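J.: got a sequence here, can you build the structure:
(chains A and B)
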Amino acid sequence: QSALTQPASVSGSSGQSITISCTGTSSDVGFYNYVSWYQQHPGEAPKLMMFDVNNRPSGVSNRFSGSKSGNTASLTISGLQAQDEADYYCSSYTRSNTHVFGTGTKVTVL
Amino acid sequence: EVQLVQSGAEVKEPGESVKISCKASGYSFATYWIGWVRQMPGKGWEWMGSIYAGDSDIVHSPSFQGQVTISVDKSINTAYLQWSSLKASDTAIYYCARHGYSSSSHYDYWGQGTVVTVSS
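T.: Predicted coordinates:
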């Protein structure tokens, strides 16, 4: 099972919007709506930011939104803030009853 | 408050065994799946497998099956990941995480990670 493909880095100025893509196949992202997104600051535990494509857990800012089209899922951060600077990983359940993670994206706030 | 607290860092030599733990609190341990995730130095995350705490049903990643043992002791709300013979390539951070509602779902709570270093 190959990792889902994410851009290595995405950057934006404070207040702008950015979108992180997560490309898989018809056997994972394209097959199920079990796509989730995680934020990880250096040295900290990961934090769930989005689940089942576009559901935000309680406590996560509504500046974060998720979507999916075909084999590609996306996480959009609007009104970018300094605290959004972190690594982001997507994940999907697969037809093989396994989980696969994305390659990870480093978000930089300029 | 849901918490997953993992055991401390381990430094081992190749060929040694180790068992790391993940103690859960703040929820009904036996009714959730717990997964394990590897992060090798400078690399991304890899799903290793998941276990249902109620009956120890396990779903393995093909990449890790036979390489590690996943288990739980529901009497003390603790999940384990163990190796019988470590290799240098097992050097990584290992996270435990709770699945949201089924083994197919997201991870809603994560442990702080356990660093395992294997070096001669």
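J.: what packs against the longest strand seen in chain A?
T.: Counting residues, the longest strand found in chain A (DSSP state E) is strand A:86-93. The helices and strands touching strand A:86-93, judged by 3 or more Cβ pairs under 8 Å, 6 or more residues apart in numbering or on different chains; DSSP states H and E, are strand A:18-23, strand A:35-40, strand A:72-77, strand A:99-101, strand A:105-109, strand B:45-52. Any C-beta I mention is one placed from the backbone N, CA and C, and that applies to glycine too.
J.: just how off-centre is that strand within its chain?
T.: 5 Å (Cα atoms, centre = their mean, to the nearest Å).
J.: give the partner strands of that strand in its sheet and their orientations.
T.: strand A:35-40 (antiparallel), strand A:99-101 (antiparallel), strand A:105-109 (antiparallel) (DSSP bridges).
J.: can I get those strands in a markdown table with distance to B:Val116, mean neighbour count and mean pLDDT?
T.: Formatted as a markdown table, the strands paired with strand A:86-93 follow (distance: least, Cβ to Cβ, whole Å; neighbours: other Cβ atoms under 10 Å in any protein chain shown; pLDDT from 0 to 100):
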| stretch | distance to B:Val116 | mean neighbour count | mean pLDDT |
| --- | --- | --- | --- |
| strand A:35-40 | 18 | 25 | 97 |
| strand A:99-101 | 19 | 25 | 95 |
| strand A:105-109 | 24 | 17 | 97 |
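J.: could I get those strands as JSON lines with distance to B:Lys74?
T.: Listed next are these as JSON lines, based on distance: least, Cβ to Cβ, whole Å:
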{"stretch": "strand A:35-40", "distance to B:Lys74": "26"}
{"stretch": "strand A:99-101", "distance to B:Lys74": "23"}
{"stretch": "strand A:105-109", "distance to B:Lys74": "37"}
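J.: sorry, back to before: columns distance to B:Thr78 on top of the helices and strands packed on strand A:86-93, output as TSV?
T.: Supplementary listing: these in TSV, determined by distance: least, Cβ to Cβ, whole Å:
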stretch	distance to B:Thr78
strand A:18-23	33
strand A:35-40	23
strand A:72-77	33
strand A:99-101	22
strand A:105-109	33
strand B:45-52	11
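J.: nice, that's everything, thank you.
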